[in-house]
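Enquirer: how would this look folded up:
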Amino acid sequence: MATKPKLYYFNGRGRMETIRWLLATAGVEFEEAEYLETRDQYEKLLKDGALLFQQVPMVEIDEMKLVQTRAILNYIAGKHNLYGKDMKERALIDMYVEGTMDLNEMIMCYPFSSPEEKEKNFALMIQRATNRYFPVYEKVLKDHGQDFLVGNQLSRADVQVLESILMIEEYEPTALSEFPLLQEARHLEAWLGNPNCTISMEEAEWKQYGGCWQQLESSLKNNS
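Expert: Reported below is the predicted structural model:
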């Protein structure tokens with residue numbers, strides 16, 4: 001029996017959340033091996049040589065200890081057929097994904113804004129989402145004429161755009177008002193149609209809005 005991937009990160013979403021989403025979409029069960037809450041935990045990983053560049057996220061998978069978010073996501077997507085059918089599709093996926101990464105950086109940094117910068121940073125975050133990034137994905141869906149951003153099957157681009165949309169809507173519920181295709185969530189419906197997906201949309205939304213995977217599992221267990 002294959003060993004479940006083990007995830008090492010802080011007790012929160014951050015850079016690990018996209019990795020969680022991609023594993024769940026691929027139908028891969030995983031473990032939150034350790035939430036890093038103390039300096040001693042971090043030092044132990046360093047001493048064990050687990051953190052190549054002295055930072056998390058780190059994922060133990062297939063007898064490897066992978067670090068660097070993009071490298072981890074690339075490996076998971078490639079292994080589970082979420083990375084396009086050829087080099088051209090992969091290039092498009094990478095291009096769309098990099099857009100979500102840029103937007104997500106702004107979203108993740110926003111809560112740490114100083115009080116005097118918070119209002120300005122909020123406006124910039126929403127402006128970038130609605131004027132720079134969402135129009136691109138809306139146009140891609142319209143021009144492509146498919147339920148997917150690339151090709152005729154689900155890819156990591158669909159998953160990561162979904163995550164970005166939900167993160168922005170957490171701050172601005174009307175952010176999709178000018179984007180009918182994104183608003184109708186055609187690509188989200190395509191994602192839900194993936195027979196390998198192990199979490200429902202309700203669970204995914206709860207996790208995205210509510211926080212860490214451990215909280216999700218506890219909530220689902222208590223409600224079962």
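
Enquirer: With Phe53 as the reference, measure out to Cys28.
Expert: Heads up, residue 28 is Val, not Cys. 24 Å (C-beta to C-beta, to the nearest Å). Just so you know, the C-beta spots here come from the backbone N, C-alpha and C atoms, and that holds for glycine as well.

Enquirer: Settle it for me: which of the two has more neighbours?
Expert: Val28 (17 against 8; other C-beta atoms under 10 Å).

Enquirer: Looks to me like the more buried one is in a strand.
Expert: No. Counting by DSSP: H, G, I helix; E, B strand; the rest coil, one finds Val28 to be coil, located in no strand.

Enquirer: residues touching it, list them.
Expert: Going by C-beta atoms under 8 Å, 6 or more residues apart in numbering, Val28 touches Lys4, Pro5, Ile76, His80, Thr198.

Enquirer: Report all helices and strands that the helix or strand where Leu22 lies contacts.
Expert: In the assignment (DSSP states H and E), Leu22 maps to helix 16-25. Counting contacts by 3 or more C-beta pairs under 8 Å, 6 or more residues apart in numbering; DSSP states H and E, helix 16-25 is packed against strand 6-9, helix 69-79, helix 156-171, helix 201-210.

Enquirer: just these: most buried one?
Expert: Comparing the helices and strands packed on helix 16-25 by mean neighbour count (mean count of other C-beta atoms under 10 Å), helix 156-171 ranks first with a mean of 22.

Enquirer: Can you tell me which helices and strands that one packs against?
Expert: Secondary elements touching helix 156-171 (3+ C-beta pairs under 8 Å, 6+ apart): helix 16-25, helix 69-79, helix 87-109, helix 115-128, helix 186-192, helix 201-210.

Enquirer: Break the chain down into its domains, please.
Expert: Using automatic domain parsing, the domain parsing of the chain gives 6-80, 87-192.

Enquirer: mind showing which ranges of this protein have poor pLDDT?
Expert: Scanning the chain with the threshold set as pLDDT under 70 gives 1-2, 185-224.

Enquirer: At the geometric centre of it, which residue sits there?
Expert: Against the mean C-alpha coordinate of the chain, by C-alpha atoms, centre = their mean, the closest residue is Thr18 at 2.2 Å.

Enquirer: For that residue, which residues are in contact?
Expert: Thr69, Leu73, Asn104, Val159, Gln160, Glu163.

Enquirer: Just put these in JSON lines and tack on distance to Met95.
Expert: Converted to JSON lines, the contacts of Thr18 look like this (distance: C-beta to C-beta, whole Å):
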{"residue": "Thr69", "distance to Met95": "17"}
{"residue": "Leu73", "distance to Met95": "14"}
{"residue": "Asn104", "distance to Met95": "15"}
{"residue": "Val159", "distance to Met95": "15"}
{"residue": "Gln160", "distance to Met95": "12"}
{"residue": "Glu163", "distance to Met95": "17"}
